[in-house]
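> build me a model from this:
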Amino acid sequence: MFMDVKKRTGLMTMNVMIMANENEVEAMIVRENTITARERNLGPTASSLLETNNFLEAEVVRLRNELSCTSIRIRALENELRLFQLQKQAEMQLSASTEQVSFLTKRNEVLGKKCEELVEKNRICREERDDAIKLVNSLKREIESMQAAVDLRLVDYKRMEYELSTVREKERMWKLEKVELERKLSERVLLFYLICNILKQTRKR
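Numbers count the residues shown, from 1 in each chain. Reported below is the predicted structural model:
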């Protein structure tokens with residue numbers, strides 16, 4: 001900012017100098033014309049006036065050369081100022097780009113850490129899923145084994161139930177046969193007692 005103001009001040013100073021030099025040249029030209037007019041009127045002093053005229057012409061040439069150099073210097077300063085402004089603009093763009101790159105770098109670091117955390121969580125979830133699948137498969141095998149055992153037990157139960165029913169039926173039949181045998185035995189015993197009594201009575205007679 002200070003350099004910018006300084007260059008602008010230099011340009012203003014050069015413009016003032018150019019205007020002053022132009023005014024000085026115009027004044028010298030006026031003086032030259034005046035001296036030329038006086039030289040026409042003054043014959044004896046023609047040589048001195050000629051010297052003065054030559055001196056003034058030389059000064060005019062020197063001032064014109066100086067004015068040309070000053071114009072060149074002004075253009076150089078203007079170019080330098082334009083280059084300075086372009087450099088300043090480029091530095092500002094570079095600074096903004098650097099800040100943006102720094103921001104993006106930090107954001108990428110944060111995103112990278114989050115990605116690493118997500119990858120680790122995903123790995124843990126996959127391991128837990130695999131363990132759960134293994135546990136489910138193990139439980140499924142145990143359930144299938146238990147189901148097979150239960151099916152065998154059901155078959156055994158049905159077989160035992162059938163055998164028990166058969167035994168109960170046989171027991172019922174045995175009881176009926178026992179009652180029938182007891183009845184027949186009682187009848188035979190009674191018949192035997194009757195026969196014995198009849199025989200006794202017959203012997204008594």
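> helices along this structure, start to end?
2-41, 46-204 (DSSP state H).
> and the ones you listed, which is most packed in?
Burial of the helices of the chain is given as mean neighbour count (mean count of other CB atoms under 10 Å); helix 2-41 ranks first at a mean of 12. All C-beta spots, glycine's among them, are computed from the backbone N, C-alpha and C.
> mean confidence for it?
Across helix 2-41, pLDDT averages out at 50.
> just stretch 104-112 next, same as before
The model assigns stretch 104-112 a mean pLDDT of 92.
> stretch 160-180 too?
90.
> could you do stretch 65-76 as well?
Mean predicted lDDT for stretch 65-76 stands at 84.
> got the CA coordinates for it in PDB?
Only the C-alpha atoms of stretch 65-76 are listed here, as PDB (Å, rounded to 0.1, in the frame of the first residue of the first chain):
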ATOM      1  CA  ASN A  65      15.300  16.100 -24.800                       C
ATOM      2  CA  GLU A  66      14.700  16.200 -21.000                       C
ATOM      3  CA  LEU A  67      11.000  16.300 -21.600                       C
ATOM      4  CA  SER A  68      11.300  13.200 -23.900                       C
ATOM      5  CA  CYS A  69      13.400  11.400 -21.300                       C
ATOM      6  CA  THR A  70      10.800  12.400 -18.600                       C
ATOM      7  CA  SER A  71       8.000  11.000 -20.800                       C
ATOM      8  CA  ILE A  72       9.900   7.800 -21.200                       C
ATOM      9  CA  ARG A  73      10.500   7.600 -17.500                       C
ATOM     10  CA  ILE A  74       6.800   8.300 -16.800                       C
ATOM     11  CA  ARG A  75       5.800   5.400 -19.100                       C
ATOM     12  CA  ALA A  76       8.400   3.200 -17.400                       C
END
